[in-house]
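A.B. asks: Give me a 3D structure for the following:
(one chain, ligands or ions: 1)
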Amino acid sequence: MGTSGIVDALGDVLGSDHVLTDPPLTQAYTVDWTRRWHGDALAVVRPADTAQVSAVVRACAAAGVPVVPQGGNTGLVGGSVPGRHPGSLGRPVVLSTRRLTRLDPVDTTSGQVTAGAGVTLGDVQRHASAAGWEYGVDLAARDSATIGGTVATNAGGIRVIAHGMTRSQVAGIEAVLPDGRVVEHLSGLAKDNTGYDIAGLLTGSEGTLGVITAVRLRLHRPHRASSVALVGVSSYDEALALMHDAVIPGATLLAAEVIDRTGMELASAVSGLAWPLERSHPLVLLLEIADGGEGDGFDPGVLGDRDVVLGLDATERARLWSFRELQSEAFSSLATRESTDAAHKLDVSVPLPRLARLADELRRRMEASPDVIAFGVFGHLGDGNIHVEIVGPAADDEQVDRLVLDAVAAEGGSISAEHGIGRAKAHLLGLSRSPEEIAAMRAIKDAWDPAGLMNPGALFP
Ligand SMILES: Cc1cc2nc3c(=O)[nH]c(=O)nc-3n(C[C@H](O)[C@H](O)[C@H](O)COP(=O)(O)OP(=O)(O)OC[C@H]3O[C@@H](n4cnc5c(N)ncnc54)[C@H](O)[C@@H]3O)c2cc1C
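C.D. replies: Prediction:
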């Protein structure tokens, strides 16, 4: 079947309104959020249910056409869009899951809900909350990122310290395999030792093993009202110590984030928000806690003499959080202002005791790089996960990425803490995984997808 043949076949399955081929219509699906990754698609398809996903994948498999699954397209490693150069398999079909919007009533007995892959994280959070429950994953892209995308990337976010990564929330899955067959295991049993964990394999698979169509999610009972503190500190070691010392025993730490001076200044400029503290500091620590009893849950003996601001009501909490949530956008805006292609965004983790040393080493490396106009670090302190933002080098200049990732590997860290490998780091997987581990992963990929049609170029080079 030629390329027009497969486009016609997809039109027969979905109706021509949901098979896009005109560049003005497909562009939103072929360029990623960072604007660093883009490529051509044969077509963008928008199936409405699992049966249509299955029919699309089956048709593509029969024609030997690759498929790139895409949710909200907020991924930051180029995995959700076609590669710059189509490989030997040719241009892919981008399969958008955004019309898979099934959202079942919350099962209040088991504390679970089943959501279609295209439901946004924000909609699941609001749906759970309306039923008196809480979904344990949260991140700044909540109103665009989808449940399928967050599961496919095993997203982390700002609540990992309290609830774990997305993997910890997945109780069951429905997916379309690379040959079009559907696997469904959505009963959400707490105990179920009946062989391989298919949901576990698909979690974090980045679209390389199939298309996730629905997920059974674990929910939590909500915490009591929370309090936020923004505290000026001089180093990572000081921030790490405060993360525990500033919180009274019995209170629950919901988030522990850091923002450096550059990021604070950029967020303040982008948002127009007044500087929140009395002074400027090398680092700002954001703590959110709940269940603090009578008081706000912070230890006044520890925070009393510090430059600190507390947010105790929803408006103030949101104001303080916005300095953290605006980070990625603020660096992207700076890149646009400086007329560089795009900000480089790296997402790494190291063991907590090595975080301060890594941060110093990264600063030294960036200050010695002539192309770097601005450099900032922010992220999830409690998880040893920092996001490194670099403005200056061209989008396709990978030298600066390598400077960061080599430093991380030398500290025994991960080159992808939570965003995944995507196309951005596929050729660098060996910095974090051994040849034996990569061979084991490849064996799984080859068994599930022998023709290599699911998201080629992502995860594996
Ligand atoms: C402002 C901002 C803040 C962010 N903060 C965080 C953060 O704190 N923590 C974090 O982990 N991430 C963060 N991200 C990254 C991003 O939001 C996550 O990676 C998210 O999980 C991607 O979801 P998505 O629906 O946009 O997926 P997409 O970007 O569309 O896809 C991501 C990957 O998943 C695959 N995929 C998508 N849907 C499916 C499916 N149904 N079946 C199979 N494969 C699929 C794609 O092929 C691709 O490889 C942030 C992004 C932005 C823009």
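
A.B. asks: give me the element the residue of the stretch 51-200 of the chain found nearest the ligand is part of.
C.D. replies: Closest residue of the stretch 51-200 of the chain to the ligand, Cβ to the nearest ligand atom: Gly149 (2.1 Å). Using the backbone N, CA and C atoms, a C-beta is placed for each residue, glycine as well. Using DSSP states H and E, Gly149 falls within helix 147-152.

A.B. asks: residues in contact with that helix?
C.D. replies: Helix 147-152 is contacted from outside by 69-72, 74-75, 80, 97, 100, 115-121, 124, 137, 139, 155, 166, 170, 173, 202-207, 211-213, 215, 217, using Cβ atoms under 8 Å, 6 or more residues apart in numbering.

A.B. asks: which ones among these are found in helices?
C.D. replies: Members of the contacts of helix 147-152 lying in helices (criterion: DSSP state H): Leu121, Val124, Leu202.

A.B. asks: So for the helix holding Gly149, mean pLDDT?
C.D. replies: When pLDDT is averaged over helix 147-152, the result is 98.

A.B. asks: Dump that helix to PDB, restricted to CA.
C.D. replies: Extracted in PDB, the C-alpha atoms of helix 147-152 (Å, rounded to 0.1, in the frame of the first residue of the first chain):
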ATOM      1  CA  ILE A 147      -3.100  10.500  31.700                       C
ATOM      2  CA  GLY A 148      -1.700   8.300  28.900                       C
ATOM      3  CA  GLY A 149       1.300  10.600  28.500                       C
ATOM      4  CA  THR A 150       2.000  10.800  32.200                       C
ATOM      5  CA  VAL A 151       1.800   7.000  32.400                       C
ATOM      6  CA  ALA A 152       3.900   6.500  29.200                       C
END
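
A.B. asks: ok, Gly422 - contacts?
C.D. replies: Gly422 touches Trp37, Gly75, Leu76, Val77, Gly78, Gly79, Ser80, Glu206, Ala458, Leu459, counting by Cβ under 8 Å, 6+ apart.

A.B. asks: Try it again at 6 Å.
C.D. replies: Applying Cβ atoms under 6 Å, 6 or more residues apart in numbering, one finds that Gly422 lies in contact with Val77, Gly78, Gly79, Ala458.

A.B. asks: got the phi/psi numbers for Ala28?
C.D. replies: phi -60, psi -20 (degrees, to the nearest 10).

A.B. asks: burial of the nearest residue to it once chain neighbours are set aside, as a residue count?
C.D. replies: Closest residue in space to Ala28, ignoring its immediate chain neighbours: Asn73 at 7.5 Å, by Cβ to Cβ, 6 or more residues apart in numbering. Close neighbours of Asn73, defined as other Cβ atoms under 10 Å, add up to 21.

A.B. asks: Could I get the buried residue list for stretch 434-444?
C.D. replies: Ile438, Met441 (16 or more other Cβ atoms under 10 Å).

A.B. asks: Quick one: mean pLDDT over that stretch.
C.D. replies: Rounded mean pLDDT across stretch 434-444 is 97.

A.B. asks: Those residues of the stretch 201-350 of the chain touching the ligand, which are they?
C.D. replies: Glu206, Gly207, Val211, Ile212, Ser328 (Cβ under 6 Å from any ligand atom).

A.B. asks: export those residues to CSV and tack on pLDDT and neighbour count?
C.D. replies: Below are those laid out as CSV (pLDDT from 0 to 100; neighbours: other Cβ atoms under 10 Å):
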residue, pLDDT, neighbour count
Glu206, 98, 27
Gly207, 98, 27
Val211, 98, 30
Ile212, 98, 30
Ser328, 91, 20
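
A.B. asks: Which two of those have the greatest separation?
C.D. replies: Val211 and Ser328 (26.6 Å; Cβ to Cβ).

A.B. asks: circling back: show me the residues of the stretch 201-350 of the chain next to the ligand that map onto strands.
C.D. replies: Val211, Ile212 (DSSP state E).

A.B. asks: out of the residues of the stretch 201-350 of the chain next to the ligand, who's nearest Arg319?
C.D. replies: Taking Cβ to Cβ as the measure, Arg319 lies nearest Ser328 of those, at 18.4 Å.

A.B. asks: Okay, the closest one and Leu286: tell me how far apart.
C.D. replies: 15 Å (Cβ to Cβ, to the nearest Å).

A.B. asks: rewinding a little: tell me, how many residues neighbour the residue of the stretch 51-200 of the chain closest to the ligand?
C.D. replies: Applying other Cβ under 10 Å, I find that Gly149 has 31 neighbouring residues.

A.B. asks: again, but for the one 4 residues further on
C.D. replies: A count of nearby residues for Thr153, using other Cβ under 10 Å, gives 29.

A.B. asks: now Asp237
C.D. replies: Counted with other Cβ under 10 Å, Asp237 comes out at 14.

A.B. asks: cool, the one 3 residues further on as well?
C.D. replies: Here the neighbour count serves as a burial measure; for Leu240 (other Cβ under 10 Å) it reads 21.

A.B. asks: Now name the helix or strand holding it.
C.D. replies: Going by DSSP H and E, Leu240 is in helix 236-245.

A.B. asks: Val106: what's it in contact with?
C.D. replies: Taking Cβ under 6 Å, 6+ apart, one finds Val113, Ala131, Trp133 in contact with Val106.
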